[in-house]
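S.K.: Mind folding the following:
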Amino acid sequence: MDTPITIRGRRITSSDITFIRSTIEKHWDRGRTFISKELCRLWNWRQSNGMLKDMACRELLLCLERGGLVELPPRKNGRKDGPRRTRAIQVPLHSKKPIRDSLSVLLPIEIKMVRGTKWEPLYKSLVHVYHYLGYCQTVGEHLKYIAFHKNRPLACIGWGAAAWKVAPRDRFIGWSYADRDRNIHLIAQNTRFLILPWVQVPYLASHILGRMARILPQDWQRVYNHTIVLLETFVDTERFRGTCYKAANWIQVGFTKGRGKWDTHNQSSIPVKAVFLYSLVKNFREVLTHHD
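M.R.: As a prediction, the model looks like this:
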């Protein structure tokens with residue numbers, strides 16, 4: 001490999017490939033999970049909260065394998081490569097009685113962070129059944145929320161790590177490749193936003209987005225020990241118009257090129273989507289282009 005590549009924010013050189021190959025060979029019989037964790041330990045590759053970046057490392061290894069740069073041992077569970085779908089999800093019993101009140105009648109709405117709580121299975125099941133993309137386990141930093149009115153769920157909101165390369169977003173920020181490598185963890189992506197189909201409340205979606213802009217930075221700091229300064233999302237304009245994001249003062253900055261994150265041949269493979277951004281601090285550009 002003549003030119004270094006960057007995967008999941010880590011720069012990989014020819015010497016790194018040699019090191020990775022030797023680590024794989026040394027621990028071949030112990031499986032992929034052990035190898036990814038061992039690499040994280042050897043590199044001291046950790047999240048801001050001290051946890052190993054195990055899922056990011058697994059993704060890195062898969063990218064290298066797809067590129068023919070390494071060979072990984074067979075999967076012990078026999079799972080094939082592809083989207084990280086969950087096993088069969090049991091949907092708890094829940095009321096589908098229509099909610100058509102005005103927003104003022106429903107206030108105050110409680111927004112709970114449900115990752116790692118008793119409410120997380122409800123989040124997974126609702127997104128699995130009612131969101132057009134279904135539920136996928138998120139790799140890397142992520143948080144999950146449910147909006148409730150008197151213990152009845154109204155909406156599910158999922159957040160994860162930012163997309164690695166998005167041309168209109170990167171132009172809007174004005175950062176260099178090096179800036180992006182250093183600071184992309186300061187952006188969070190709205191990966192799922194589901195207003196449950198029996199909930200028909202005008203302005204609810206934009207209200208929730210506005211509340212999330214105040215709640216999310218504090219939770220991200222508490223869980224991952226670092227701040228976030230910008231939010232992003234991608235709207236399939238064949239299905240939606242992004243009205244709630246516009247109403248919540250998100251800015252549309254362009255469109256994606258229709259490539260999945262595994263695309264290596266510059267060929268469109270997924271729908272083109274509108275790119276929306278929301279700044280959490282006034283000096284977000286200064287923060288995202290900061291050099292230590």
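S.K.: If you count neighbours, what's buried in the lengthiest helix in the chain?
M.R.: The longest helix of the chain (DSSP state H) is helix 204-224. Applying a neighbour-count criterion of 16 or more other CB atoms under 10 Å, one finds 204-213, 215-217, 219-220, 223-224 buried in helix 204-224. In short, each C-beta sits where N, CA and C put it, glycine included.
S.K.: what's the nearest residue to K96 if we skip its chain neighbours?
M.R.: Leaving out its chain neighbours, the residue that sits closest to K96 by CB to CB, 6 or more residues apart in numbering is W198, at 4.9 Å.
S.K.: What ranges does the stretch 1-150 of the chain have for its helices?
M.R.: Using DSSP state H, counting those that start in this stretch, the helices found in the stretch 1-150 of the chain span residues 14-26, 31-43, 54-66, 103-106, 120-130.
S.K.: Send me the shortest one as PDB with only the CA atoms.
M.R.: It refers to helix 103-106. Written as PDB, here are the backbone C-alpha positions of helix 103-106 (Å, rounded to 0.1, in the frame of the first residue of the first chain):
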ATOM      1  CA  LEU A 103     -49.200  20.500  21.000                       C
ATOM      2  CA  SER A 104     -50.200  22.800  23.900                       C
ATOM      3  CA  VAL A 105     -52.500  20.200  25.300                       C
ATOM      4  CA  LEU A 106     -49.700  17.600  25.400                       C
END
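S.K.: Which strands or helices does that helix pack on?
M.R.: Packing contacts for helix 103-106, counted by 3 or more CB pairs under 8 Å, 6 or more residues apart in numbering; DSSP states H and E, involve helix 204-224.
S.K.: Other residues contacting the very next helix or strand once past the helix it packs on?
M.R.: As assigned by DSSP states H and E, the chain's next helix or strand after helix 204-224 is strand 230-236. Contact with strand 230-236 is made by 162-163, 166, 169, 173, 186-191, 193, 213, 216, 241-242, 245, 250, 256, 271, 273-280, 284, 288, as judged by CB atoms under 8 Å, 6 or more residues apart in numbering.
S.K.: sorry, back to before: between the helices of the stretch 1-150 of the chain, which one is closest to K112.
M.R.: Evaluated with CB to CB, those place helix 120-130 nearest to K112, the distance being 9.4 Å.
S.K.: Show me which positions of the closest one end up buried.
M.R.: Neighbour-count burial for helix 120-130, counted by 16+ other CB under 10 Å, picks out 122-128, 130.
S.K.: list the helices and strands it packs on?
M.R.: With 3+ CB pairs under 8 Å, 6+ apart as the test, helix 120-130 has strand 142-149, strand 152-161, strand 187-195 packed against it.
S.K.: Can you add mean neighbour count, mean pLDDT and distance to Y177 and give these back as TSV?
M.R.: Shown next, in TSV, are the helices and strands packed on helix 120-130 (neighbours: other CB atoms under 10 Å; pLDDT from 0 to 100; distance: least, CB to CB, whole Å):
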stretch	mean neighbour count	mean pLDDT	distance to Y177
strand 142-149	22	96	25
strand 152-161	22	96	18
strand 187-195	22	96	15
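S.K.: could I get those as JSON lines with distance to S15?
M.R.: As requested, the helices and strands packed on helix 120-130 are exported to JSON lines (distance: least, CB to CB, whole Å):
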{"stretch": "strand 142-149", "distance to S15": "32"}
{"stretch": "strand 152-161", "distance to S15": "27"}
{"stretch": "strand 187-195", "distance to S15": "30"}
